[in-house]
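**Student:** pasting a predicted model and its sequence here:
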Amino acid sequence: RKSAELRFALEAFEAAYQGRYTKFFKLLNKATYLQACLMHSAFPLVRKEGLKRVLKSMLQKERIPLADIVRWFAFNDEDDAAAFVTQW
């Protein structure tokens with residue numbers, strides 16, 4: 001039988017691998033400090049792929065408030081989110 005920690009790790013990995021950013025960041029809110037540290041390495045990829053999905057699903061004229069991006073993708077603040085978005 002799998003331990004709770006292993007089930008959590010597999011669930012987080014699966015969410016990241018499948019591009020399910022909402023599930024990934026919801027799991028982050030439930031993570032222990034150590035689990036969150038391990039999940040941190042996947043942030044850039046999950047954020048990038050998630051943001052691509054969000055942008056693809058929206059009309060081109062729509063703008064996404066930076067505050068929403070901060071909340072959806074677990075950025076520290078709007079400056080971090082803006083820096084990430086302008087990278088690509």
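**Tutor:** Yep, it's here.
**Student:** and the worst-scoring helix or strand of the chain on mean pLDDT, how far from the chain's centre?
**Tutor:** Scoring the helices and strands of the chain by mean pLDDT, DSSP states H and E places helix 43-57 at the bottom, with a mean of 90. Centroid separation between helix 43-57 and its chain, computed with CA atoms, centre = their mean, to the nearest Å, is 8 Å.
**Student:** what is the neighbour count of residue 21?
**Tutor:** 23 (other CB atoms under 10 Å). (Each C-beta comes from the backbone N, C-alpha and C, glycine too.)
**Student:** hmm, residue 53 and it touching each other?
**Tutor:** Yes - contact status for residue 21 versus residue 53: in contact at 7.4 Å, counting by CB atoms under 8 Å.
**Student:** list the buried residues for the helix or strand hosting residue 28?
**Tutor:** Element membership for residue 28, per DSSP states H and E: helix 21-30. Using 16 or more other CB atoms under 10 Å as the test for burial, helix 21-30 gives 21, 23-25, 27-28.
**Student:** starting at the chain centroid, how far to the following helix or strand past it?
**Tutor:** Downstream of helix 21-30, the first helix or strand assigned by DSSP H and E is helix 33-40. Relative to the centre of its chain, helix 33-40 is centred 13 Å away, using CA atoms, centre = their mean.
**Student:** same for the host helix or strand of residue 9, what does it pack against?
**Tutor:** In this structure, residue 9 sits in helix 4-17 according to DSSP H and E. If contacts are counted by 3 or more CB pairs under 8 Å, 6 or more residues apart in numbering; DSSP states H and E, helix 4-17 sits against helix 21-30, helix 33-40, helix 43-57.
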